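Undergrad: Mind folding the following:
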Amino acid sequence: MKPALLEILTCPHDQSALRLARATNGADVHEGSLRCECGHEWPVRESVPRMVPDESDQETFESFSAKWAEVTPEEVRQRYRQQHAWYVERFGFGDENGLREFLADKQLVLEAGTGTGGDAARFAELAPHSVVVGLDLSGAIDVAQREFGDLANVHFVQADLMRPPVGPAQFDFVSSDQVIHHTPDAPRAFATLAERVREGGHLAVYVYKVKAPLRELADDWIRMRSTGVSADECMELARDITELGRELSRAAATVKLERGVPLLDIAPGEHDVQRLIYWSFLKCFWNDDFSENLNVLVNFDWYHPPYASRHTEDELRGWCDDCGLSVSHMDVSDSGLSVLARREA
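TA: Have a look, this model is predicted:
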């Protein structure tokens, strides 16, 4: 932990200031503890403050920790390459230069749900004048610290975004991409993050979109069973579903529908069979640019976490209105909803 992080962190219980209660020698704190004015103490282990309250969601912690324990460094890089291009497109930045220009006046940035830290590192590299804090509930934070913790303007903290160890109205930019739908209460998670945005600052959030009716039924039916089993058992299910996605993709079959099926949200036109099944009937992800294992982990990411809420554009716009944010950009795709919103000065 870099000592400068103390100027940003607060106690997740009462938002009071923290001080270093114990630390190993050296410029950075590898092992030690932080203590607030009310006596709450938080350990620092392997250079990461561990600030997850006991009442936080342990099932989500265990599910995502199991997922990231299975990923290799090369698979992490594969995921970054795909995610980076998708991020700038969905949030309206256009390309890397557009994101760099957006970050030019952002002094303090929060990434809530940083996972293995790729986006936090990207923000830090594009805006070396900024200070970037990456929070994550799961053990993925250790991968983030290992891969990117040496960047001078990046800090990683293991924390719950529902009880973040940072104060209100503190950040110029808060990003939470593909995260809050995995919390017990997505609207409250959105509001909690919105509270951390200062006047003139921005919030970027992606949530799952409500899918076609038969896909929704299948998702609910499978998840009723898959969320209650062990990570190993759900990983086996994910392998089965990944095989289906892979073989449908390799079949390279298409169908052409003159009428479509409006009741099932199936449009007229030519459809790749794998994508038709994926969007309208069953999530069976496959991407030829990913390893077999990474494809399995993407499917596991959908079927095992205890929460995976889906939302509408009207809901997301309503959350922005309720939190006093104006929508700067909204992207609606088959997979989800991406919004960039601003708190007016």
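
Undergrad: CA atoms for contacts and neighbours, from now on please.
TA: Noted.

Undergrad: okay, and for this structure, where does confidence drop off?
TA: 25-26, 55-58, 60-69, 78 (pLDDT under 70).

Undergrad: how about the helices in it?
TA: 58-69, 73-90, 96-103, 118-126, 140-148, 186-195, 213-226, 231-251, 273-280, 292-303, 313-322 (DSSP state H).

Undergrad: Show me what the fifth one is packed up against.
TA: With contacts defined as 3 or more Cα pairs under 8 Å, 6 or more residues apart in numbering; DSSP states H and E, the packing partners of helix 140-148 are helix 58-69, strand 154-159.

Undergrad: if we go to 7 Å?
TA: Counting contacts by 3 or more Cα pairs under 7 Å, 6 or more residues apart in numbering; DSSP states H and E, helix 140-148 is packed against strand 154-159.

Undergrad: Just the buried positions in the strand it packs on, please.
TA: Going by neighbour count (16 or more other Cα atoms under 10 Å), the buried part of strand 154-159 is 154-159.

Undergrad: what does stretch 301-309 give?
TA: 301-309.

Undergrad: just how off-centre is that stretch within its chain?
TA: The chain centre lies 12 Å from the centre of stretch 301-309; the measure is Cα atoms, centre = their mean, to the nearest Å.

Undergrad: before we move on, what about stretch 107-123?
TA: So, by Cα atoms, centre = their mean, the centroid of stretch 107-123 is 10 Å from its chain's centroid.

Undergrad: What is the end-to-end distance of that stretch?
TA: 11 Å (Cα to Cα, to the nearest Å).

Undergrad: just stretch 200-218 next, same as before
TA: End-to-end distance (Cα to Cα), stretch 200-218: 42 Å.

Undergrad: got the contact list for that stretch?
TA: Contacts of stretch 200-218 with the rest of the structure, by Cα atoms under 7 Å, 6 or more residues apart in numbering, involve 171-178, 180-181, 194, 197, 264-265, 279-282, 309-312, 335-345.

Undergrad: of the residues you listed, buried ones?
TA: Using 16+ other Cα under 10 Å as the burial test, these include 171-178, 180-181, 194, 197, 279-282, 309-312, 336-343 as buried.

Undergrad: Return the subset of these lying in strands.
TA: Here DSSP state E is the test, and the buried ones among the contacts of stretch 200-218 give 171-176, 197, 336-343 as lying in strands.

Undergrad: Looking at the residues you listed, spot the one nearest Arg250.
TA: Arg250 lies nearest to Gly336 out of those, by Cα to Cα, at 25.4 Å.

Undergrad: What residues are bridge-paired with the closest one?
TA: Beta-bridge partners recorded for Gly336 (DSSP bridges): Tyr208.

Undergrad: so who does it touch?
TA: Gly336 neighbours (Cα under 7 Å, 6+ apart): 206-209.

Undergrad: can I get the residues you listed in JSON lines with distance to Leu18?
TA: Listed next are the contacts of Gly336 as JSON lines, based on distance: Cα to Cα, whole Å:
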{"residue": "Tyr206", "distance to Leu18": "31"}
{"residue": "Val207", "distance to Leu18": "33"}
{"residue": "Tyr208", "distance to Leu18": "36"}
{"residue": "Lys209", "distance to Leu18": "39"}
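
Undergrad: Which two of those have the greatest separation?
TA: Tyr206 and Lys209 (9.2 Å).

Undergrad: Of those two, which one has the most company?
TA: Between Tyr206 and Lys209, Tyr206 has the larger neighbour count (other Cα atoms under 10 Å), namely 25 against 20.

Undergrad: That one and Ala191, how far apart?
TA: From Tyr206 to Ala191 the distance is 14 Å (Cα to Cα).

Undergrad: I'd assumed Phe102 was in contact with Leu126.
TA: No - counting by Cα atoms under 7 Å, Leu126 stays clear of Phe102, with 9.9 Å between them.

Undergrad: Quick check: the farthest pair among the buried residues of strand 154-159?
TA: Pairwise across the buried residues of strand 154-159, and taking Cα to Cα, the largest span is found between Val154 and Ala159, at 15.4 Å.

Undergrad: check contacts around Val154.
TA: By Cα under 7 Å, 6+ apart, the contact set of Val154 is 121, 124, 131-133.

Undergrad: Go again with 8 Å.
TA: Val154 is in contact with 120-121, 124, 131-134, 148, counting by Cα atoms under 8 Å, 6 or more residues apart in numbering.
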